[in-house]
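**Q** structural data only, the sequence is not supplied:
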């Protein structure tokens, strides 16, 4: 079994993966809504958007430990998150006809996830710096 530390996936690759999964789920949901198999009033597409943003946050937080150039990774990860958040919000608005403010609690979840992501990145940077200092002292 290979260890996770041998793997490195760029933040852009992670964002493309999350966006691809979101597009598949959102378009499948849109097809079900158009065929009237599910209720159009449900906010399933917005649920997919928030869950895939959370998925990206978790992937990015895990893979940032393996980054050789930390500052470059953090910069790319944050820009990718912003792009991913804008893309899923725009696509969700287009598919559902409901904008971010009208998406009930999903808008607040997206705001909270954005703040949590920044906090995660700061905590991980501090942990990695402490570990690097501890390894230098040995």
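**A** Arrived safely, thanks for sending. Model, not experiment: these values are computed from the prediction.
**Q** what does residue 97 show for phi and psi?
**A** phi 80, psi 10 (degrees, to the nearest 10).
**Q** same thing with residue 67?
**A** Torsion angles, degrees, to the nearest 10, at residue 67: phi -70, psi 130.
**Q** residue 8 is in contact with that one, correct?
**A** Yes. Judged on Cβ atoms under 8 Å, residue 67 makes contact with residue 8 at a distance of 7.0 Å. To be clear about C-beta, it is placed using only N, CA and C from the backbone, and glycine gets the same treatment.
**Q** looking at those two, which is more packed in?
**A** Using other Cβ atoms under 10 Å, the more surrounded residue of residue 67 and residue 8 is residue 67, with 18 against 14.
**Q** where does the chain dip in pLDDT?
**A** Within the chain, the stretches with pLDDT under 70 are 1-7, 41-42.
**Q** need the longest helix for it.
**A** Using DSSP state H to define each element, the chain has its longest helix at helix 105-137.
**Q** which other helices and strands contact that helix?
**A** If you count contacts as 3 or more Cβ pairs under 8 Å, 6 or more residues apart in numbering; DSSP states H and E, helix 105-137 packs onto helix 44-63, helix 70-96.
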